[in-house]
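In: Just a sequence and a predicted model for now, questions to come.
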Amino acid sequence: MTPKISITILTIILTSFLMCQSDRPNRALLARQKITQDSIAKAEAAARLLAEEHRKAAEAWVNQEMSKMDKNARLGQLFMVGAYPPKGASDERKILHAIDSHKIGGIIFFRGHQDRIALLTNRYQKRSKVPLMMAMDAEWGTNMRVSAAVKFPRQLLMGAIQNNALIYDFGKAVAKECKAMGIHVNFAPVVDVNNNPANPVIGDRSFGENRENVTAKSFQYISGLQDHGIMACAKHFPGHGDTDVDSHKDLPVIYHDMKRLDSIELYPFKNLAQHGVQSVMVAHLHIPALDSTPNLPITLSKPAVTGLLKEKLGFKGLIFTDALNMKGVTKHFKDGETDLKALLAGNDILLVTQDIPNAKKRIYEAVDKKLISWEEIDRRVRKILRAKFELGLNNYKPVNANNVASRLNVQENKALKQEMVSQALTLIDKNSILPLGKKHVACITVGTGKRETDFTKELSRYGIKHHHFARNKVAQNRIQQLAKKDVVIVAVHNIGKNIKNNFGVAQGIQSAVRALSARTKVLVVNFGTPYALKNFPTAQAAVVAFNDESLTQKLTARAVAGALPFRGRLPVSASPQFQYGMGKDTEVQKMMYAASPESVGLSSKTLSRIDHIAAEMIQQKAAPGCQVLVVKDGQIAFHRTYGHYTYRRKKRVKLENVYDLASVTKVAATTISIMRLVDEGKLDINQPLSFYLPELRGTNKSRMTIKDVLLHRAGLKPWIPFYTKTLDDNKKPIMGRYYATEQQPDYQVRVAENLYFAASKTDSAIWQRIYEQDLRSQRNYKYSDLGFYLFSRLIKQVTGKTIDDYASETFYRPMGLTSTTFNPLRKGTPKDLVIPTEDDQYFRYQVVQGDVHDMGAAMLDGISGHAGLFSNAQDLAAIFQMLVNGGEYNGKRYLKEATVKKFTAKFSNQSRRGLGFDRKEESPKPKTSINVAYQASDLTFGHQGFTGIGAWGDPKNKIVYLFLSNRTFPSGENMTLIRRDIRSRMQEVVYDAILK
């Protein structure tokens, strides 16, 4: 889909373009072009022009297409007909006739061969004078319609997944599948809140019964589709989850009042309508609370479609009817009449109309009767055409119809499917049956006549033998034999979807489980809908695998054996014993060694509260994204990403992203370097700084000790805005005197992209100003950057190396840290991997990404003792883990334990500070955090960074907590993250998650 033009984005792009005056531009030349105020203004004007041109282009194309169409053709745009490729030539003739005679606007494809569908989309597009909108029901991927595609799981399985990024990836994969066949619209996701186990039509098509979970996962699916050019469609408005009638066969009735509808059924639609879903499908449901007209489906109700969806919910996208050949609408209304009523209700596109000529006749009559105007019809046609423009149909190109399967059945999708199934496997185990360890275990297979299954074969690889199989019952003597085991695994296959027959679970199987669970511990492995768990109320533990596929059976076996972790949560409630949200994370025992939260004494359920705080952070625009990492007992127990690089939501935050650590540099580089020099006897913190730095002698700082600087009690002012002296009256960098736009012998200090500072000015612009700065009259605690500027000189004076080189050689490289460095772009870190910190409009006049955000550090070539360090979460965690370990990491000692304790301890009652390290501030109010979670121990140490960083280690609880964000984007003046105490509140959740 053609994205809407962002003036800010275009300004950034065009600034670089306009700087290039050569007919043969290249990267080297671009890097040498001069950025001027005039070029930026030109770029902004050009961006606005392009945005306007995009709007005009869309309008011109819509006008052009409208001018081609008479009234018959315009009405045709409202109809999307069904195509059934397996019917062959007869169906093709039918579609071509609809294109030629009825001028239809779109086609929905049902099951067929992928090459045939691609061929037909090309053929039909070529025949149509106006580009056709091609659609497909591909809720769980295009395998729903074509067998060659990877068969992704259904949405109920996805409802169990905790990592919603996988749902986004799934949406992205489905978008690629659709594009391979020339499809533009996927009628997905199902956003119905399925809270009725007897629902015969939604069931495993829904993400589950919890409205927030359904909404969050629907949003991810929608984003994955739409970010990659496919229109998503939220269905079935206003909510088909609590029905016990299939609208394909009859008209379901929902008797809930408006309060209930608003709180449950409408909840996903309300949220998604405001967050970018491009279309909605209206369901054939009768809901008296919305429209009491007898037997009237919501599809045909103006109060529901126009009054509720359009006006009250403010939805601006396309509105599709559900298929108009379904009994839910045809039972009470005739062909033609149905289409007219749907149009009058407010729908834009009439799906699978049965009699287009009759429908058009009814619409003409309605215009004559002034029930609807041509102006309104044209408005909807324009809306459809604009959607086609945004889908790229103004530049339609046929797809490659040869060997489409090679673009559907790709390894990337297979890997994604495996990860999704693995993450969804759900264990309910209040009796701690798992891990199996040395327990004597038997496995029986029920519900199938197969002697061996993929599940039992895989279990056998881990020494768990299969003892019995039975289709419908287990003999009494067999139950007595099995009861001698410590644990009996009952694998239940061929589970159905109908509650009326107990989901296909025979009474004999239910009786066997009751008998076994009375004698020993039973683990039921449920290869189907979680609703079937209601048949096993006495089972001590259960695994829900959601389907019976070979891959699922193998992965489930590995998880039961301890080779994969369980991570899922029940997306629905099956019985009092098996409720929504239940699930236990397990520790990998054998082949895999990734820690689970529970394995190190943390509650996954509690930790999930961090998700809600992160959502709040993004919603309140405290930061566009972040990641949170928690280490417990030396193992990563929690590591999740949230949001995007910026509020434009173009790039999602990834685990491997690198952040500007800002003042965390003070501890993760400077202080640990000083500690090492103390260990080596090369530095005495009781000495004045001037003992090592002769340039301080004779200044008012000559008697200032290293210890006092570390404690921020040396009388130094908090900071100096060095950069302001290098700006002109218009607050722009003074070129020539201080700066150049390209690196030259006299301008070697990179401040930002295409902005270089004169190295000869460093002394007067920074160092002399520090030396000459007045001290505060009092020597009490006052946080200051200035002393840490001096520490970088101290380290170089003592070691002969910059702090960058010394910290790298002493800590980062030996520890195996690959991302922790100053000036990451110069060290080979891809710029796209670094999170941007600010859209600087006061100094550098650009988005700062990969160059240090701190202005003073930038003027020191990105290397200083107070700021400049970059790192990803994993590497920063390693540094803090080393400190929590008392100076040791992976068997190697980097610092003496006594030195670590000395520096991280509270030094005096004058302040909370340690030597270089920040520490916990005790609050006079109980259960109140100030700078650190109130539950943290008194041994906790760490630091925060201006860009939105928090890093803390707690040796007593063996916890490392990291919060990494770019709260300064787009402006460093945004203090919402601090005002809402996001960092400490998340840290509180970590301590709440400690299992007692």
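Out: Received the coordinates, thanks.

In: Could you use CA atoms for every contact and neighbour count after this?
Out: Fine.

In: OK, contacts around the residue nearest the centre of the chain?
Out: The residue lying closest to the centre of the chain (CA atoms, centre = their mean) is residue 165, at 4.2 Å. Counting by CA atoms under 8 Å, 6 or more residues apart in numbering, residue 165 makes contact with residue 220.

In: rerun at 10 Å
Out: Each residue near residue 165 by CA atoms under 10 Å, 6 or more residues apart in numbering is listed here: 171, 217, 220, 221, 224, 640, 641, 642, 652, 654.

In: Format the residues you listed as a markdown table; extra columns: neighbour count and pLDDT.
Out: Compiled in a markdown table, the contacts of residue 165 are given as follows (neighbours: other CA atoms under 10 Å; pLDDT from 0 to 100):
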| residue | neighbour count | pLDDT |
| --- | --- | --- |
| 171 | 30 | 98 |
| 217 | 25 | 98 |
| 220 | 21 | 97 |
| 221 | 28 | 98 |
| 224 | 24 | 97 |
| 640 | 17 | 91 |
| 641 | 22 | 94 |
| 642 | 23 | 97 |
| 652 | 17 | 95 |
| 654 | 20 | 91 |
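
In: can you give me the strands in the stretch 501-650 of the chain?
Out: 521-526, 541-544, 625-632, 635-643 (DSSP state E, counting those that start in this stretch).

In: mind putting the ones you listed in JSON lines, distance to residue 406 included?
Out: Shown next, in JSON lines, are the strands of the stretch 501-650 of the chain (distance: least, CA to CA, whole Å):
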{"stretch": "strand 521-526", "distance to residue 406": "33"}
{"stretch": "strand 541-544", "distance to residue 406": "32"}
{"stretch": "strand 625-632", "distance to residue 406": "36"}
{"stretch": "strand 635-643", "distance to residue 406": "32"}
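
In: Confidence-wise, which of these is weakest overall?
Out: Across those, strand 635-643 has the smallest mean pLDDT, namely a mean of 88.

In: returning to that earlier point: from the contacts of residue 165, which ones fall inside helices?
Out: 171, 217, 220, 221, 224 (DSSP state H).

In: Let's have those residues in TSV, adding distance to residue 445.
Out: Output for these, formatted as TSV (distance: CA to CA, whole Å):
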residue	distance to residue 445
171	35
217	33
220	36
221	35
224	38
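
In: Just name the closest of the residues you listed to residue 502, please.
Out: Comparing the ones in helices among the contacts of residue 165 against residue 502 with CA to CA picks out residue 217 as the nearest, at 28.5 Å.

In: quick one, what contacts that closest one?
Out: Neighbouring residues of residue 217 by CA under 10 Å, 6+ apart: 155, 158-159, 161-168, 189, 191, 207, 223.

In: got it, and residue 234?
Out: Residue 234 neighbours (CA under 10 Å, 6+ apart): 186-192, 218-219, 222, 268-269, 272-273, 277-282, 319-320.

In: go again using 7 Å as the cut-off
Out: 188, 189, 190, 191, 279, 280, 281 (CA atoms under 7 Å, 6 or more residues apart in numbering).

In: One more: residue 552?
Out: Residue 552 neighbours (CA under 7 Å, 6+ apart): 421, 545.

In: about what we covered before: now, the contacts of residue 234 that are in helices?
Out: Short answer: those have none in helices (DSSP H).

In: Looking at the contacts of residue 165, which two lie furthest apart in space?
Out: Using CA to CA, the contacts of residue 165 reach their maximum pairwise distance at 171 and 640, which is 19.4 Å.

In: Quick one: low-confidence residue ranges for this protein.
Out: 1-36, 437-438, 461-463, 587-596, 599 (pLDDT under 70).

In: On the three-state scheme, the residue in it sticking out farthest from the centre is what?
Out: The centre of the chain is farthest from one residue, residue 698, which by CA atoms, centre = their mean lies 56.4 Å away. Put simply, residue 698 is coil when judged by DSSP: H, G, I helix; E, B strand; the rest coil.

In: And it, how close does it get to residue 680?
Out: 29 Å (CA to CA, to the nearest Å).

In: same deal with residue 74?
Out: Remark: distance between residue 74 and residue 680 (CA to CA) = 84 Å.

In: Which one of those two is surrounded by more residues?
Out: The neighbour comparison of residue 74 against residue 680 (other CA atoms under 10 Å) goes to residue 74, with 24 against 11.

In: Buried ones in the helix or strand where the more buried one lies, by neighbour count?
Out: For residue 74, the host element (DSSP states H and E) is helix 71-76. Neighbour-count burial for helix 71-76, counted by 16 or more other CA atoms under 10 Å, picks out 73, 74, 75, 76.

In: and if you look at stretch 831-842?
Out: In stretch 831-842, counting by 16+ other CA under 10 Å, buried: 833, 834, 835, 836, 837, 838, 839, 840.

In: which other residues reach it?
Out: 645, 657-659, 731, 825, 846-850, 853, 947, 966, 968-972.

In: redo that, cut-off 8 Å
Out: Counting by CA under 8 Å, 6+ apart, 645-646, 656-660, 731-732, 825, 845-850, 853, 947, 966-972 sit against stretch 831-842.

In: Same question for stretch 57-64.
Out: 382, 385, 386, 389, 394.

In: can we see that at 7 Å?
Out: Residues contacting stretch 57-64 (CA under 7 Å, 6+ apart): 382, 385, 386, 389.

In: wait, which of the residues you listed is closest to residue 100?
Out: When those are compared against residue 100 (criterion: CA to CA), the nearest one is residue 385, at 18.4 Å.

In: pull the longest helix from this structure.
Out: helix 37-68.

In: Please state the offset of that one from the chain centre?
Out: 32 Å (CA atoms, centre = their mean, to the nearest Å).

In: Can you get me a residue count around residue 442?
Out: As a burial measure, residue 442 scores 21 neighbours (other CA under 10 Å).

In: Please apply the same query to residue 796.
Out: So residue 796, with other CA under 10 Å, has 15 neighbours.

In: any idea how far residue 67 is from residue 275?
Out: For residue 67 relative to residue 275 (CA to CA), the value is 33 Å.

In: Who has more neighbours out of these two?
Out: Neighbour count, other CA under 10 Å: between residue 67 and residue 275, residue 275 has more, with 13 against 10.

In: Spell out which helix or strand contains that one, please.
Out: Using DSSP H and E, residue 275 maps to neither a helix nor a strand.

In: Leaving out chain neighbours, which residue sits closest to it?
Out: Spatially, and ignoring its direct neighbours in sequence, residue 275 is nearest to residue 219 (8.0 Å; CA to CA, 6 or more residues apart in numbering).

In: how deep is that neighbour tucked in, by neighbour count?
Out: 26.

In: Against residue 236, how distant is residue 322?
Out: Using CA to CA, residue 322 is found at 8 Å from residue 236.

In: again but with residue 273, I slipped
Out: 13 Å.

In: do residue 125 as well
Out: 28 Å.

In: Alright, I will stop here.
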